[in-house]
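K.L.:
Fold the stuff below for me.
(chains A and B)
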Amino acid sequence: MEKKYWQSIEETRADFKPEAEEKETSMMEVLANEANDKSSSRRDFLKWCGISFFSATVISACENPVKKAIPYLHQPETLTPGKASWYASSLVDGNQFCSVLVKSRDGRPIKIEGNDLCKFTGGGTNAITQASVLSLYDDGARYKYPTKNGEKINWEAADREIKKALQEAGEKGKKCYLVTPTLLSSSATELITFLKAKYPALEFVSWDTVSYEAIRQAHNQTFNIPAIPDYHFDKAELIVSFSADFLATWLAPVSFANRYAKTRKLSDTKKTMSQHIHFEAGMSVTGSNADERIAVKPSTELEIIMELYNEMASLTGNPVFSSPATDFDTKTLAREILSKKGKAIIVCGHNNEEAQILINAINHMAESYGNTLDNAQPLNFGLDSKEAMDKMIENMEGGNTELVMFYKTNPLYNHPKADKIKEAMANVPISVSFATAKDETAKECTYILPDNHYLESWGEAMPKLGTYTLMQPVMQPIFNTRQFQSSLLAWMDMDTDYHAYIKTFAERTLFPKQNEYSDFQQFWLNTLQAGVFVTDETLNFNINLSQVAISDAIARLKNKTSTAGDIQFMTHQNVAVADGAYANNPWLQELPDPVTKITWDNFAAISPKFADENRLKDGDIISINGLEIPVAAQPGQAYGCISIALGYGREYAGKVGDHTGVNAFRLLNDKAFPWNVQSWEKTGSGYEFARSQTHHSMEGRHIVRESTLDKYKENSKAGNEIRDYHLKHMVTLYPGHKYEGHHWALMVDLNACTGCSTCVIACQAENNTPVVGKDEVRRRRIMHWMRIDRYYTGDAENPGVVYQPLMCQHCDNAPCENVCPVSATNHSHEGINQMAYNRCVGTKYCINNCPYKVRRFNWFQYAKNDKFDYHMNSDLGRMILNPDVTVRERGVVEKCSFCIQRIQEGKLKAKNERRKLKDGDITPACAGSCPSNALVFGDLNDPDSRVAKLVKDPRNYHLLEELHTLPTVGYLTKIRNKKG
Amino acid sequence: MPAFLLSMMAMIAIISLSSFNEAQEIPDADTLDIEEVILDTDPESALMEEETPEEAITDTDIAFTRGEYTSRQIRLGERLFSGLVPFSSGQHDCASCHYLQPQQDVNWNPAAYEMAVLWNQNPDYSIMNIMNNPVSVRLMEDHAGMTITHEEQHLLEAWYTKILEQGPGDLEAYPIRAFIFWGLGALMLLALVDLIITRKIKFKGIHILVLLVGIAVHGQFAMAEAQSLGRTKGYAPDQPIKFSHLIHAGENDIDCRYCHYIADYSLSAGIPSNNVCMNCHNVVRSGTLSGSFEINKIHSAAETGEPIEWIRVHNLPDHSFFSHAQHVNAGKQECSDCHGEVETMHIVQQVEDLSMGWCLTCHRDENVDFLDNPYFGIYEKLHEKIRNGEIDAVTAADLGGEDCMSCHY
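P.N.:
Numbers count the residues shown, from 1 in each chain, chains lettered A, B, ... in the order given. All right, here's what the predicted structure looks like:
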């Protein structure tokens, strides 16, 4: 009898049935099933292949379509078909601010870049700014005309009725309210003042979803000036942050990231960097960049602030107050801060007045004011008032309100008392929303008077005293919308042309503040072109600390923390959807969370220890204070604290944002200690996250090379020693490439990269990368050409985090090139690994052979396909597409091209101007968008270029050097400023 | 082998379909009702018959109202236009100068359809006025001695309504050599039949020769057709305005870049906008060939705000990016290098096939302005080679002009 082999113990049992009899699912079938849920045989497949080939040939044999070329009747002087124009403008949305340049092709804005002339932002952007242009073309969600009770109405009729209501409210003795977020625009504030003068019944309420009011109030308490100083991280040698995510979301992240990076960059001539100590509960972008990160619950964090104050006070001879003791060694920290007097900066992200008062006192003792804290030209953010909002809700409930208007606010979604407001609105006869696009509040309003998108608007903003930026429209309003300010003008029976208004405003207020131009028209045009105007006006900020405020604050804070429970939660904004205003933007929804790499969802981050103890695994849905949300074990999460991102779970945002994630605003409350988890339980159901990175280990390879400042000072090659070994053992059979002209290269400074993911969106916007949706991300088919890999090192409870931006490495010995059967990918004369889509037949051999996994396969046709209902399936949504980049078809491989279209454009410009190409003439989208200038692009053959110098830096290394792929993308080692 | 058969089948299908399309292009012959013509032996009497009830009205000069036309009037209008019924003034028919629909070949006189459109748009448009009291010199010369009556105008207007219904007609497909293809095919079939069944011709060499030549020619056709898929060499579509490059660029010697001025610095050469035309045609109101009829279209576009929808002649294949600025400004190429002698064309025709092979030939053969443009200073080694006399000049291919991503991205 034949001998029988078995593979497992089970096979030896008598009742064993081989599994092989079960039907196997082939790849083809999986694909077929996905397409139409019908299984088909190989014969059918071949049949269809034949038929489709035949019919395709027949169809293509038909007459070529007649294409038309329709010129302008009167071509605008500034517009050249086929050539981009650039306009300076500003993104202003509540506390969101960025000075930008808008690229407009053939009359339609397609890309946003930072404005280099704005010293405040430093020429960077963030993900929201990059993606803001897509919202302009959101035809599914944008309001297209004014409505009353859902029915179309004309502007004149609406104006008449609202004016009447405003007038009558005064006569009836009732109130009218206008709710706005923080207004950075002085002209808009002025208009509101005029409107109030005309209609005395009108009250103005400023309310922010994520508020910075406490910082302003704390300064009022301690220094008697309600101001928020400007934080100069670039001047700091020691940065101590308490939950302030200043690199991603807190106050002015673009400016702060730019300044922070300046102190973090190292070179042979600058071997010093700041030290960053970070206290927080959840792993934030800023926390993950810290040299030392202390994961603590919010209550402990507040206690540490009190203790730190006391330690510093006792060291400086100031009054000490009793406070709860903590485990943290605040004495050493206090000494460190005091040893860096005038060079330290202490920030706190909690909107908690008492904590902010103590932070002010600490900064005062550290002599930060006037040094690292700019109090002469303070920030203009956080002008909101919670008190006014609460009073308004009370008044609405009492039925004493005739009219309520909402501008850029959506309290029915993101106010903790949303349900109460909704009920109260029933008592208000007339409600008005100026929403640009669908939102929960507008849905309940009587009138919707849609505001223009910011790229269709005039405006002006003052993010900081002495820094003014202008906003100018890049296109005519697409729909029948009207700018908010024009509505106000209409109600004052004034000319509704806000352009004219803002011009006279500038003539009245800005023009006298300068003496460069004597003619206003000249001043106006030059300022409009630059987008920014700076004056040297200062605020008289007297730093006399009020001790009363401090003793009071400690006493109150102690009371608050004493009610803290064992398990707490913390809410935060993420880099993508912020407070939910951008929830309907598919680019932002698909942007992986910088730390967890989860897309399309928010989640409850719990510490791995907490997960183990409670047998929770990723995706298990738990209920926290009645809110059901899936959990994700997050290394570095403080034990006993659950972190949840705000801005998800919109109910009326549009097809993309609706019911994506969970609305965590429901957790917010007015309690003394608001972050207690009263109850939590497992619901028993589960959920599958869509993560863009599912493997978190470097598998022992030197993918991210890291060292400490001390070691770096001794040896510039610290952490990068292995490079010498690899260089010594390089052997090759290939002759190598000769680059006679340019040799393009990109250098990534891992010390400057904060992982903020702006570049990911910039790349997507520039290169027409499709959005694939949650389900496809789960299948690992995300299309981003550029991703940011995140690795953890060390202890799982508080690991070190490193970010590594990864795009095509443009290897000189590219493994993808020699496996392509049709030579669709090959090497250019300028060192670029090229990809010819029209040659690609989709074997995916290159994807398999790429060690960096940067190539993407188009599994489907994403454009003009209603199954991918994001933006590329509507005529308006496709307006965003960059005409200089092919929209890829199904079945081809694509990847980073170093923004070849920009290289071609830059080279052509130099040729036509008959000059040499200068370093910096060509910037790929990723490098251009980076707020911290972590990416540098240039020509290696130009000895004066920045990359040619950086490539010689001892910190430079290439990814997987041992494979001898010879990438042209280089990385500079990550150096942390910590002991050891 | 099956693959070869499949491709052959496909090619046959392509060609048969293209020729089928062409067959459809033939103008509809049904517009003329032959039977009616034969029945109405005496055209005069037919006209009289029509006139009888309305004679009085014609004489008292009361205008025929627009919009009320019988099918008979339409038919008569058509006959007047085409000359089957003579005009009362004895002048020759309209069709000897005016086409019915815009055509591929040059006829500077407006087609009936275009006139009908104008008549339809403008309630004051009167054929009689134009014929009997012409204002422009050109109209006076061409219509000298011609007059029409109110009644004839009414009939022609009736015919206009029919023309408007019929539309401007389709644009002609690209010409193909279907006759040779099908002729040879039939010959091959005959040869095969004779070779196997009928065996009339004894000398087998003839069959084999026919078959071999047939296969070769068909193969060449298949190759050529496959290669020219999506290519439109020779394409010269009729444009909405009979704009003659010969008159403008040739006789009047206007520089290409006077109108296509963005070619110097943009990807596109730019179709001139209406206001560029108006630079001259504000003053030049009447042309040598087409009088004021075509030029009026520019003016009416400016008045109505409806842009002129030109037909694009040069269409580059998909997935390729071409910059005029690169070639015209940096590369110092003449417009005629790619577009041919446009100044000799009444209707612009695509001269080159715009294929990748054609692009690359130029990239390989043409020299670049290498020594004079400081941009190329970075190519030190090539400069050295020139100094050493190793090479004389540098082509685009030497500088990466053959890289895929020079054009495809």
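
K.L.:
ok, now how distant is the residue nearest to the spatial centre of chain B from chain A?
P.N.:
What sits nearest the mean C-alpha location of chain B, by Cα atoms, centre = their mean, is B:P237, with 2.1 Å. Distance of B:P237 to chain A, given as Cβ to the nearest Cβ, to the nearest Å: 7 Å. (Glycine included, C-beta is placed from N, CA and C.)

K.L.:
Please verify my assumption that that residue contacts B:N315.
P.N.:
No - in this structure, B:P237 is not within contact of B:N315 by Cβ atoms under 8 Å, at 10.9 Å.

K.L.:
So which bits of the stretch 201-350 of chain B are right by chain A?
P.N.:
Remark: the part of the stretch 201-350 of chain B in contact with chain A comprises B:225, B:229-230, B:232, B:237, B:262, B:265-268, B:270-276, B:301-302, B:305, B:307-312, B:315, B:318-319, B:321, B:323-326, B:329-330, using Cβ under 8 Å from any Cβ of the partner chain.

K.L.:
Show the low-confidence segments of chain A, by residue range.
P.N.:
When residues are selected by pLDDT under 70, those of chain A lie in A:1-43, A:45-64, A:980.

K.L.:
mind running it again at 50?
P.N.:
Chain A contains residues with pLDDT under 50 at A:1-14, A:16-25, A:32, A:35, A:37, A:59-60.

K.L.:
quick check: domain ranges of it?
P.N.:
Structural domains assigned to chain A are A:9-60, A:213-379, A:566-691, A:706-976, following automatic domain parsing.

K.L.:
what about these, which gets the closest to B:F81?
P.N.:
domain A:9-60 (38.9 Å; Cβ to Cβ).

K.L.:
residues touching residue 257, list them.
P.N.:
Using chain A here. By Cβ atoms under 8 Å, 6 or more residues apart in numbering or on different chains, the residues touching A:A257 are A:G124, A:F246, A:L247, A:A248, A:T754, A:C756, A:P931, A:S932.

K.L.:
Hmm, no, I was thinking of chain B.
P.N.:
With contacts defined as Cβ under 8 Å, 6+ apart, B:R257 is in contact with B:A263, B:D264, B:V328, B:C335.

K.L.:
Quick one: mean pLDDT over the helix or strand containing it.
P.N.:
Element membership for B:R257, per DSSP states H and E: helix B:256-259. Average pLDDT, helix B:256-259: 90.

K.L.:
Can you name every helix or strand that whichever helix or strand comes after that helix contacts?
P.N.:
Using DSSP H and E, the helix or strand that follows helix B:256-259 in sequence is helix B:274-281. If you count contacts as 3 or more Cβ pairs under 8 Å, 6 or more residues apart in numbering or on different chains; DSSP states H and E, helix B:274-281 packs onto helix B:293-304.

K.L.:
now what about the helix it packs on, what contacts it?
P.N.:
Residues contacting helix B:293-304 (Cβ under 8 Å, 6+ apart): A:73, B:108-110, B:114, B:240-243, B:274-275, B:277-278, B:281, B:284-287, B:307-308.

K.L.:
List buried residues within those residues.
P.N.:
Buried residues within these, counting neighbours by 16 or more other Cβ atoms under 10 Å in any protein chain shown: A:73, B:108-110, B:114, B:240-243, B:274, B:277-278, B:281, B:286-287, B:307-308.

K.L.:
can you pull out the strands in the stretch 851-980 of chain A?
P.N.:
For the stretch 851-980 of chain A, the strands defined by DSSP state E, counting those that start in this stretch cover A:856-857, A:893-894, A:935-939, A:956-957, A:969-972, A:974-976.

K.L.:
could you dump these to JSON lines with distance to chain B and mean neighbour count?
P.N.:
Formatted as JSON lines, the strands of the stretch 851-980 of chain A follow (distance: least, Cβ to the nearest Cβ, whole Å; neighbours: other Cβ atoms under 10 Å in any protein chain shown):
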{"stretch": "strand A:856-857", "distance to chain B": "15", "mean neighbour count": "20"}
{"stretch": "strand A:893-894", "distance to chain B": "10", "mean neighbour count": "24"}
{"stretch": "strand A:935-939", "distance to chain B": "8", "mean neighbour count": "25"}
{"stretch": "strand A:956-957", "distance to chain B": "23", "mean neighbour count": "22"}
{"stretch": "strand A:969-972", "distance to chain B": "17", "mean neighbour count": "24"}
{"stretch": "strand A:974-976", "distance to chain B": "32", "mean neighbour count": "25"}
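
K.L.:
Is it possible to get TSV of the ones you listed that adds distance to B:V137?
P.N.:
As requested, those are arranged in TSV below (distance: least, Cβ to Cβ, whole Å):
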stretch	distance to B:V137
strand A:856-857	66
strand A:893-894	62
strand A:935-939	64
strand A:956-957	79
strand A:969-972	71
strand A:974-976	83
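
K.L.:
quick one, which of those is nearest to A:K67?
P.N.:
Minimum separation from A:K67 across those (Cβ to Cβ) falls at strand A:893-894, 25.8 Å.

K.L.:
helices or strands next to that closest one in the packing?
P.N.:
If you count contacts as 3+ Cβ pairs under 8 Å, 6+ apart, strand A:893-894 packs onto strand A:856-857.

K.L.:
tell me which parts of the stretch 751-900 of chain A are close to chain B?
P.N.:
A:826, A:828-830, A:832, A:834-839, A:884-886, A:897, A:900.

K.L.:
Apply the buried test to these and list what passes.
P.N.:
Among those, the ones that count as buried by 16+ other Cβ under 10 Å are A:826, A:828-830, A:832, A:834-837, A:839, A:884-886, A:897, A:900.

K.L.:
ok, the residues you listed vs A:G657, which is closest?
P.N.:
Among these, A:V885 lies closest to A:G657 (Cβ to Cβ), at 26.6 Å.

K.L.:
returning to that earlier point: buried subset of the residues of the stretch 201-350 of chain B next to chain A?
P.N.:
Burial by neighbour count, 16+ other Cβ under 10 Å: within those this picks out B:225, B:232, B:237, B:262, B:265-268, B:270-274, B:276, B:301-302, B:307-308, B:310-311, B:315, B:319, B:321, B:323-326, B:329-330.

K.L.:
The residue lying closest to A:E962 once chain neighbours are set aside and A:H810, how far apart?
P.N.:
Spatially, and ignoring its direct neighbours in sequence, A:E962 is nearest to A:H726 (5.7 Å; Cβ to Cβ, 6 or more residues apart in numbering or on different chains). Taking Cβ to Cβ, to the nearest Å as the measure, A:H726 and A:H810 are separated by 18 Å.

K.L.:
Repeat that for A:K949.
P.N.:
Distance of A:K949 to A:H810, given as Cβ to Cβ: 19 Å.

K.L.:
who's more crowded, the two?
P.N.:
A direct count of neighbours by other Cβ atoms under 10 Å in any protein chain shown for A:K949 and A:H810 places A:H810 higher, at 27 against 16.

K.L.:
OK, contacts around that one?
P.N.:
By Cβ under 8 Å, 6+ apart, A:H810 lies in contact with A:W744, A:A745, A:L746, A:G831, A:I832, A:N833, A:C896, A:F898, A:P967, A:T968, A:V969.

K.L.:
Could you turn the buried ones of those into a PyMOL selection?
P.N.:
Burial among those is assessed by 16+ other Cβ under 10 Å; the matching PyMOL selection reads:
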select buried, chain A and resi 744+745+746+831+832+833+896+898+967+968+969
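
K.L.:
Just name the closest of the contacts of A:H810 to chain B, please.
P.N.:
Nearest to chain B among the contacts of A:H810 is A:I832, at 6.2 Å by Cβ to the nearest Cβ.

K.L.:
and that closest one, how far is that from A:K867?
P.N.:
In terms of Cβ to Cβ, A:I832 sits 33 Å off from A:K867.
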